[in-house]
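Enquirer: sequence unknown, structure follows:
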Ligand code: HEC
């Protein structure tokens with residue numbers, strides 16, 4: 001989150017950086033797009049910033065950065081995005097470098113080079129320089145959306161809403177529960193999910209919660225479980241999702257949403273050792289005073305059996321400022337598992353370990369959240385309001401979702417009968433999701449729910 005003081009710091013930093021570069025440039029040629037900037041864009045930015053780039057959980061990068069004309073137009077904003085650390089988007093502090101999958105850190109030298117390129121007038125240079133460096137404006141390897149239209153490749157099962165969900169003009173926040181029908185004959189037996197991908201119908205999809213696919217929110221890619229880790233998709237004619245729509249209300253703001261989901265399953269003979277479990281770890285019962293620029297809340301969670309921690313997903317709303325997960329081992333030693341110093345509501349990252357992390361029984365997780373409810377927070381919907389835990393985006397939340405599994409291997413062979421406890425849990429989770437909220441009836445044109453409190 002970029003507060004005013006951060007902006008000021010950034011500006012000062014910018015002036016300093018500029019000064020440094022002006023002296024360096026005295027004996028260096030001006031950097032050019034093809035010779036210097038393009039390789040850095042390719043490495044750090046083009047995965048998202050390309051023509052027909054990926055849908056990063058409902059948002060798209062606004063311009064291709066392997067295109068000189070575009071990069072030139074955006075040059076001042078590129079410099080700003082780099083100085084403020086807004087791009088490349090990632091929330092975990094540098095101290096975590098190397099720990100999480102899909103991390104995005106730009107090297108200091110590369111960042112300085114891009115800024116020098118902007119300051120030097122965003123020069124084009126010669127196309128042949130790009131050729132000689134093998135960085136001609138093509139997509140970086142592996143970042144092109146596969147022909148299937150899904151990042152997970154060829155899905156084994158695709159589901160989508162039966163009808164478009166209409167989100168009327170008046171809506172700001174709305175959380176309907178919607179069922180995606182499973183095509184007949186497409187899913188005859190319970191299957192173990194190895195990968196799942198949500199394809200939200202647009203940026204107004206604030207987030208999607210489902211038992212089988214994890215949580216779909218802006219900034220999150222597909223779910224890929226480590227080998228031997230899985231989530232059971234029971235045999236069921238429906239897959240239930242809780243949608244959360246958020247947009248500016250008003251005339252002509254209505255949108256329609258046709259969200260889709262795709263799955264890849266384990267094959268017969270594969271072994272599932274770890275059945276993925278999740279816990280939202282919500283913390284309630286606090287009030288953030290109006291105008292408070294640094295309100296802290298804390299919570300703890302006791303780990304009762306040995307687990308492998310797979311990932312962490314901090315969640316707050318617009319007043320969220322920073323978040324920390326810290327582990328206290330049974331011997332009292334402490335370790336920061338995740339430090340997000342500049343929480344940004346628009347980018348809800350899931351921090352997924354490269355290697356699942358062993359957490360011994362008897363440990364305590366200490367979670368801390370910081371909020372900025374002052375007018376200095378430019379995302380703050382209303383600095384004059386005290387704020388408590390609640391489902392609307394204008395309320396707040398202090399959640400610390402974790403995905404994990406007990407360390408003891410289950411040794412479940414795919415294709416053999418699935419133990420009752422595993423089947424039951426998978427089924428009850430989806431049932432609970434249905435029971436918790438009235439199912440959305442797309443044929444009804446009665447919008448009385450608009451005045452009701454969300455579940
Ligand atoms: C994970 C995908 C991703 C990566 C990697 C990424 N961007 Fe972005 N970028 C986005 C998305 C999505 C937006 C639009 C959302 C927004 O503007 O907040 C964006 C917006 C921008 C903007 C416009 C910001 C503004 O103030 O309007 C700039 C400039 C930018 N990116 C530059 C970069 C640069 C430079 C890099 C590499 C160093 C980079 N981005 C890497 C996804 C990405």
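Expert: Nice, thanks for sending it over. Just so we're clear, the structure is a prediction, and the values are computed from it rather than from any experiment.

Enquirer: Please report phi then psi for the closest residue to residue 330 other than its chain neighbours.
Expert: Distances taken as CB to CB, 6 or more residues apart in numbering place residue 362 nearest to residue 330, at 3.8 Å, with adjacent residues excluded. Any C-beta I mention is one placed from the backbone N, CA and C, and that applies to glycine too. Here the main-chain torsion angles of residue 362 (degrees, to the nearest 10) amount to phi 90, psi 0.

Enquirer: Next: residue 288.
Expert: Backbone geometry at residue 288, expressed as degrees, to the nearest 10, gives phi -90, psi 120.

Enquirer: Show me what it bridges to in the sheet.
Expert: With DSSP bridges applied, the residues forming beta bridges to residue 288 are residue 387.

Enquirer: Can you verify my assumption that it contacts residue 387?
Expert: Yes. The criterion here is CB atoms under 8 Å, and residue 288 meets it with residue 387 at 4.5 Å.

Enquirer: Residue 271: how many residues sit nearby?
Expert: When neighbours are defined as other CB atoms under 10 Å, residue 271 has 16 of them.

Enquirer: Excluding chain neighbours, what is closest to it?
Expert: Per CB to CB, 6+ apart, closest to residue 271 is residue 413, 5.7 Å.

Enquirer: got the contact list for the one you found?
Expert: Counting by CB atoms under 8 Å, 6 or more residues apart in numbering, residue 413 touches 269-272.

Enquirer: and if you look at residue 61?
Expert: 45, 48-50, 53.

Enquirer: Look at residue 184 and tell me its secondary structure.
Expert: coil (DSSP: H, G, I helix; E, B strand; the rest coil).

Enquirer: From the ligand, how far out is it?
Expert: In this structure, residue 184 and the ligand are 37 Å apart, going by CB to the nearest ligand atom, to the nearest Å.

Enquirer: just residue 79 next, same as before
Expert: From residue 79 across to the ligand, the span is 8 Å (CB to the nearest ligand atom).

Enquirer: okay, how far is it across stretch 357-375, tip to tip?
Expert: Counting by CA to CA, to the nearest Å, you get 39 Å between the two ends of stretch 357-375.

Enquirer: Is residue 296 located within a strand, as I assumed?
Expert: Yes. Residue 296 forms part of a strand when assessed by three-state DSSP.

Enquirer: Can you report how many residues neighbour it?
Expert: 13.

Enquirer: likewise residue 92?
Expert: The number of residues packed near residue 92 is 20, by other CB under 10 Å.

Enquirer: contacting residues around it?
Expert: 99-100, 103, 338-340, 349, 351.

Enquirer: Compare those and tell me which has the most neighbours.
Expert: residue 349 (27 neighbours).

Enquirer: That residue against residue 313, yeah?
Expert: Yes. Assessed by CB under 8 Å, residue 349 is found in contact with residue 313 at 7.3 Å.

Enquirer: re earlier: phi, psi of the residue nearest to residue 271?
Expert: Main-chain torsions, residue 413, degrees, to the nearest 10: phi -90, psi 120.

Enquirer: again, but for residue 244
Expert: Main-chain dihedrals, residue 244, degrees, to the nearest 10: phi -130, psi 110.

Enquirer: Next, find the distance separating residue 69 from the ligand.
Expert: Going from residue 69 to the ligand by CB to the nearest ligand atom gives 15 Å.

Enquirer: Quick check: which ranges of the protein have low pLDDT?
Expert: 1-28, 53-59, 131-145, 203-204, 206-221, 430-455 (pLDDT under 70).

Enquirer: Where does the stretch 201-350 of the chain get nearest to the ligand, residue-wise?
Expert: Nearest residue of the stretch 201-350 of the chain to the ligand, counting by CB to the nearest ligand atom: residue 346, 6.0 Å away.

Enquirer: one step back: restricted to helices, list the contacts of residue 413.
Expert: With helices defined by DSSP state H, no entry of those lies inside them.

Enquirer: between those residues, which has the most around it?
Expert: Neighbour counts for the contacts of residue 413 (other CB under 10 Å) peak at residue 272, which has 25 neighbours.

Enquirer: pretty sure that residue is touching residue 414, no?
Expert: Yes. With contacts counted by CB under 8 Å, residue 272 reaches residue 414, the gap being 6.5 Å.

Enquirer: The residue nearest to residue 168 when sequence neighbours are not counted and residue 176: what is the separation?
Expert: With sequence-adjacent residues excluded and distances taken as CB to CB, 6+ apart, residue 168 is closest to residue 254, at 5.0 Å. Distance, residue 254 to residue 176, by CB to CB, to the nearest Å: 15 Å.

Enquirer: swap in residue 93?
Expert: 36 Å.

Enquirer: how long is stretch 309-325 end to end?
Expert: Stretch 309-325 has an end-to-end distance of 12 Å (CA to CA).

Enquirer: The ligand contacts on the protein?
Expert: Residues of the chain lying near the ligand by CB under 6 Å from any ligand atom: 44-45, 47-49, 56, 59-62, 74, 77-78, 81-82, 87-89, 104, 106.

Enquirer: And those residues, which of them are buried?
Expert: Among the residues of the chain next to the ligand, the ones that count as buried by 16 or more other CB atoms under 10 Å are 44-45, 47-49, 56, 59, 61, 74, 78, 81-82, 87-89, 104, 106.
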